[in-house]
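*Asks:* Need coordinates for the following:
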Amino acid sequence: MIHSKLYNKTLLVLLGPTGVGKTEWSIRIAEKLGSSIISADSRQIYKGMTIGTAAPNEEQLKRVNHYLVGKLNPQEYYSASEFEDEVLPLLDELHNQHNTVVMTGGSMMYIDAVCKGIDDIPTIDDKLRRDLQELYQKEGIDPIRRQLKLLDPVFYDEVDLKNPKRVIHALEICLMAGKPYSSLRTNTKKERPFKIVKVGFNRDRNELYNRINLRVDQMIEDGLEEEARSFYPMRHLNSLNTVGYKELFNYFDGNCSKDFAIDKIKQHSRNYARKQLSWFRRDKDIYWINLSKSQDGVVQEIINLL
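*Replies:* Alright, predicted model coming up:
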């Protein structure tokens, strides 16, 4: 639940699977603490993707000051490493105003980047990134896999070879660093100059899945199809390889019906929630709260951990 030495400043991390209710609960807690909120969501950081990423709405943004929401254009590259580089100085600044700062989201790598640090890896040259993306678009993932196997057989054996993003990223680093990606991954936890308290929200599985399904229906009602159409010309971008958009792009391409696409959004969202929970459960520092049980006193229960 808590790690770091005795510091008088705290980072309160509120995490959990998609659809669990992190946004509203984090706002309530930040209001109680008089704190700002840093978003640890790798998609809410992009402008215009408001409905599909369930970003805080205008009323919620007015209640509490949020950072790293709607900041970048979808064409801009952003990674967990850049998130770490941006958030640490921001925390320095915010800790001058508040003893406790709230960070919330479900992007596992982003949360780990701030709480534990990630290995120092080289910045990828824009031309190299474009060249590999072009190769991927023209010839698919196979030539990239073959090159990765040659340059870093250790990581090749570990990586999910069906995940183009991970495979391409690993090859980028091998080519940029001139050495295997696996040799740069030390997984050394970095010391932070503040206390870290992590709280995980969860719900009973049936309730969580039902909330996810209802939220997708609400997104469609709120105009997700129109939002996705506005991004259709950019569908090749990594930022738009995202649940809620990629299924609708498939529908726009004529490969399935609209109802089928909506069912797939629900299914993929549930799958993502499972993946998030399995990742978070490996972290023994998380204090879990089941929101399916009584919600009375949740805010105070969390404040008592600080």
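
*Asks:* contacts, neighbours, all on C-alpha from now
*Replies:* Will do.

*Asks:* Lys22 and Gly16, how far apart?
*Replies:* 7 Å (C-alpha to C-alpha, to the nearest Å).

*Asks:* what do those two both touch?
*Replies:* Contact with both Lys22 and Gly16 is made by residues 105, 201, according to C-alpha atoms under 8 Å, 6 or more residues apart in numbering.

*Asks:* neighbour count winner among the two?
*Replies:* Neighbours per residue (other C-alpha atoms under 10 Å) separate Lys22 from Gly16, with Gly16 holding more: 25 against 20.

*Asks:* Touching, that one and Thr23? I think so.
*Replies:* No: the pair Gly16 / Thr23 is not scored as a contact, 10.4 Å apart, by C-alpha atoms under 8 Å.

*Asks:* Identify the contacts common to the two.
*Replies:* Gly105.

*Asks:* which is the next helix or strand following the strand or helix carrying Trp25?
*Replies:* Using DSSP states H and E, Trp25 sits in helix 22-33. The element immediately downstream of helix 22-33 (helix or strand, assigned by DSSP H and E) is strand 37-39.

*Asks:* what sits up against that next one?
*Replies:* 26-27, 30, 45, 64-69, 101-105.

*Asks:* Could I get the full set of strands for the protein?
*Replies:* All strands of the chain, identified by DSSP state E, fall at 2-3, 10-15, 37-39, 66-67, 100-105, 195-202, 286-290.

*Asks:* would a markdown table of those with mean neighbour count be doable?
*Replies:* Shown next, in a markdown table, are the strands of the chain (neighbours: other C-alpha atoms under 10 Å):
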| stretch | mean neighbour count |
| --- | --- |
| strand 2-3 | 16 |
| strand 10-15 | 25 |
| strand 37-39 | 24 |
| strand 66-67 | 18 |
| strand 100-105 | 24 |
| strand 195-202 | 22 |
| strand 286-290 | 17 |
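
*Asks:* Just send the ones you listed back as TSV, with mean pLDDT and distance to Gln133 too.
*Replies:* Converted to TSV, the strands of the chain look like this (pLDDT from 0 to 100; distance: least, C-alpha to C-alpha, whole Å):
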stretch	mean pLDDT	distance to Gln133
strand 2-3	47	40
strand 10-15	98	32
strand 37-39	98	28
strand 66-67	98	30
strand 100-105	98	28
strand 195-202	97	36
strand 286-290	97	37
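
*Asks:* Make TSV out of those strands and add distance to Leu94.
*Replies:* Rendered in TSV, the data for those read as follows (distance: least, C-alpha to C-alpha, whole Å):
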stretch	distance to Leu94
strand 2-3	20
strand 10-15	10
strand 37-39	10
strand 66-67	11
strand 100-105	7
strand 195-202	14
strand 286-290	23
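
*Asks:* Ser257: which of these is closest?
*Replies:* Evaluated over the strands of the chain, closeness to Ser257 peaks at strand 100-105, with 31.4 Å, by C-alpha to C-alpha.

*Asks:* Given that closest one, what are its sheet partners and their directions?
*Replies:* strand 10-15 (parallel), strand 37-39 (parallel) (DSSP bridges).

*Asks:* Which of those strands sits closest to Pro233?
*Replies:* Closest among the strands paired with strand 100-105, once you apply C-alpha to C-alpha, is strand 37-39, at 27.0 Å.

*Asks:* Can you mark which positions in stretch 225-236 are buried?
*Replies:* 225, 227-228, 231-232, 235 (16 or more other C-alpha atoms under 10 Å).

*Asks:* what comes up buried for stretch 232-252?
*Replies:* In stretch 232-252, counting by 16+ other C-alpha under 10 Å, buried: 232, 235, 237, 239-240, 242-249, 251-252.

*Asks:* What of stretch 148-156?
*Replies:* 148, 151-152, 155-156.
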